[in-house]
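In: only geometry, no sequence info:
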């Protein structure tokens, strides 16, 4: 009686693992672990190309004041939405939404230091729906409210009306 490794070695091709296991159980042959090929799972290695990264950054930076959809970003990079999302995460280390939120908070921080505009106006300039959304997200990102951040870093001299 042949075991499964001898049958697999004598055949012209290697059978898929589930088929080999099912066949071995049906014929009551012993299955050797090294004789059953396992599926090799490769880590995701695709990233955005340099032109795609720069185009994506430019698009995000120039449109921070509005909502940008994932499909819009993927279209500019000539990728499907799912492929773009995975490649973006590999390239930048976080999901597109988180990245855009970080950039919006950096812009809010810069605007708080530059001028004395009301927080509701800064929220709209950063693409937030209202002042409370800005307050909540700013506090989660920097650990303090926008008002406290502005008071600690001194009032800006430029007044925007």
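Out: Perfect, I can see it now. What you see is a predicted model, and the numbers here were worked out from it, not measured in a lab.

In: any idea which helix is longest in this structure?
Out: If you go by DSSP state H, the chain has its longest helix at helix 96-114.

In: buried sites along it?
Out: By neighbour count on 16 or more other C-beta atoms under 10 Å, the buried set for helix 96-114 is 96, 99, 100, 101, 103, 104, 105, 107, 108, 109, 111, 112. For every residue, glycine as well, the C-beta is placed using N, CA and C.

In: how about the helices in this structure?
Out: Using DSSP H, helices in the chain cover 4-10, 17-27, 50-62, 70-77, 81-92, 96-114, 119-125, 131-142, 146-152.

In: Which stretch among these is buried most, on average?
Out: helix 119-125 (a mean of 18; mean count of other C-beta atoms under 10 Å).

In: And that helix, what does it pack against?
Out: For helix 119-125, the packing partners by 3 or more C-beta pairs under 8 Å, 6 or more residues apart in numbering; DSSP states H and E come out as helix 96-114, helix 131-142, helix 146-152.

In: Which helix or strand in the chain has the lowest average pLDDT?
Out: Ranked by mean pLDDT, DSSP states H and E, the helix or strand of the chain with the weakest confidence is helix 4-10, at a mean of 54.

In: Other residues contacting the longest helix of the chain?
Out: Residues from elsewhere that reach helix 96-114 (C-beta atoms under 8 Å, 6 or more residues apart in numbering): 60-61, 64, 68, 70, 73, 84-85, 88-89, 92, 94, 117, 122-123, 125-128, 134, 137-138, 141-142, 146, 149-150, 153, 156, 158.
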